[in-house]
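*Asks:* I'll drop the sequence and a predicted model, then ask my questions.
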Amino acid sequence: MEDKFVVNIGRQLGSGGREIGEKLAIRLGISFYDKELITLASEESGLCSEFFERADERPSQGFVGGWFGMRFPFITDGAMPASNCLSNDSLFKVQSDVIRRLAEKKSCLFVGRCADYILREHPRCANIFISSTREDRIARLCRIHGFGEQEAEAMMVKADKKRSEYYNYYSYKTWGAAASYHLCIDSSVLGIDGTVDFVEEFVRKKLSL
């Protein structure tokens, strides 16, 4: 594992964190994972991806989305479910195992999903948090999704709450707090490409690439 490294990115919705991660992964020549982890976790476990989508970056609620009849029609062929219901914690463990195995095999960039905590013992990692101003986040969401400002702001508030609860619950740290990461940066200051430049330089220096 000595020559492999990982970059973990936490982000506010609308900050451009995913785009920054994608561009950074290309610059560094490493694999990029965000929503792709849901598909991989589904394939790994034999469970329908719907399970992971419902639990995605949500803290434990006892059972995924409450009781919604997780019976055989929801299970992919060949799977052997241990029970009719799975907790968010169980799905988090499956996804965590996928993240660890990927990081053992190759250098990767992960977006969200507590990857920084899951890979906390990895010898070569850089943990980044991307934030942005309220105005820039709203403008970005409106531009990408065609939302009105009120709808975009409501979506931001909901996403921030969900992501912070998820991160704080599983990592025992504070989402978005400087002490939880190696670098926190406001993408509205330098713009998306400027932020990619800055983070790339930081990662290369930190990991001696």
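*Replies:* Perfect, thanks for sending it. Numbering: from 1, shown residues only.
*Asks:* and the one residue sitting closest to the centre of the chain, what does it touch?
*Replies:* The chain has G112 as the residue nearest its centroid, 1.6 Å off, counting by C-alpha atoms, centre = their mean. Residues in contact with G112 (C-beta atoms under 8 Å, 6 or more residues apart in numbering) are 9-11, 34, 57, 163. Every C-beta, even on glycine, is put in place using the N, C-alpha and C of the backbone.
*Asks:* surely V7 is in a strand?
*Replies:* Yes: under DSSP: H, G, I helix; E, B strand; the rest coil, V7 falls within a strand.
*Asks:* any idea how many residues pack against it?
*Replies:* 29 (other C-beta atoms under 10 Å).
*Asks:* next one, pLDDT for it please.
*Replies:* Predicted confidence (pLDDT) for V7: 98.
*Asks:* that one touches L28, doesn't it?
*Replies:* Yes: counting by C-beta atoms under 8 Å, V7 touches L28, with 7.2 Å between them.
*Asks:* which neighbours do these two share?
*Replies:* 109, 203.
*Asks:* let me know the pLDDT of G78.
*Replies:* 40.
*Asks:* for the one 3 residues further on, same thing?
*Replies:* You'll see P81 listed with a pLDDT of 41.
*Asks:* this protein: strands as residue ranges?
*Replies:* Assigned by DSSP state E, the strands in the chain fall at 6-11, 31-33, 108-111, 125-131, 183-186.
*Asks:* quick one: strands adjacent to the last one?
*Replies:* According to DSSP bridges, strand 183-186 forms sheet pairs with strand 125-131 (parallel).
*Asks:* hmm, who's touching the partner strand?
*Replies:* Contacts for strand 125-131 (C-beta under 8 Å, 6+ apart): 5-12, 15-17, 20, 116, 119, 176, 180-187, 195, 199, 202-203, 206-207.
*Asks:* report the angle between that strand and strand 6-11.
*Replies:* 20 degrees (axes from the mean of the first three to the mean of the last three C-alpha atoms, to 10 degrees).
*Asks:* how far away from the center of its chain is strand 125-131?
*Replies:* 11 Å (C-alpha atoms, centre = their mean, to the nearest Å).
*Asks:* what is the mean pLDDT for stretch 108-119?
*Replies:* For stretch 108-119, the per-residue pLDDT averages 95.
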